[in-house]
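> Got a sequence here, can you build the structure:
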Amino acid sequence: MKKVYQTSFHDPVEGTRGNCMRACIASLLEKTIKEVPPLPPTPNQFSDALDYLDKYGWEYDCNYMFYHIAAKDREKELLLKLQKEEGIDGYFLVYGMSPRGVKHIVLYNKQGLAHDPHPSQSGVQVEGTLLFKKKPSESYGFNPFS
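So this is what the prediction gives:
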């Protein structure tokens, strides 16, 4: 994982949205933020991000949500769940509310917060995580039988 930081930020006055998802994906794939296509805040943002990761051999597995757990206990529960998962080379996309009052996405490993692409490095109040698994190699370009 290579730490990549956001280049745009949520500003309701200016009408701009942050690019934390793009920065996290760039970090996971060890690319620059310019190498990852923009993921505009549209109804397709999530599926566009999944499609991009799919091209690199990672398929969406499931989404653990922790809304039913008291906010103070969510990170502990998340870390327990992550112990049983592989993640993308050991990293996980975790989403939640930032201290700035906007939805945000960061990277965790099995020990906790590994990277927040926002300069504040303040993390999130955990709401959930997106889990991915490595696709069989023949499903993304390599087929040992061809």
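> For Met97, which non-adjacent residue is spatially closest?
Using CB to CB, 6 or more residues apart in numbering and skipping residues adjacent in sequence, the residue nearest Met97 is Gln125, 4.8 Å away. Just so you know, the C-beta spots here come from the backbone N, C-alpha and C atoms, and that holds for glycine as well.
> where does that neighbour fall, phi/psi-wise?
phi -80, psi 110 (degrees, to the nearest 10).
> Might you report the residue contacts of it?
Going by CB atoms under 8 Å, 6 or more residues apart in numbering, Gln125 touches 71, 74, 96-99.
> One more: Thr129?
Under the criterion of CB under 8 Å, 6+ apart, the neighbours of Thr129 are 63-64, 78, 81-82, 92-95, 108.
> Bridge partners for it, pull those for me.
Taking DSSP bridges as the rule, Thr129 bridges to Tyr64, Val94.
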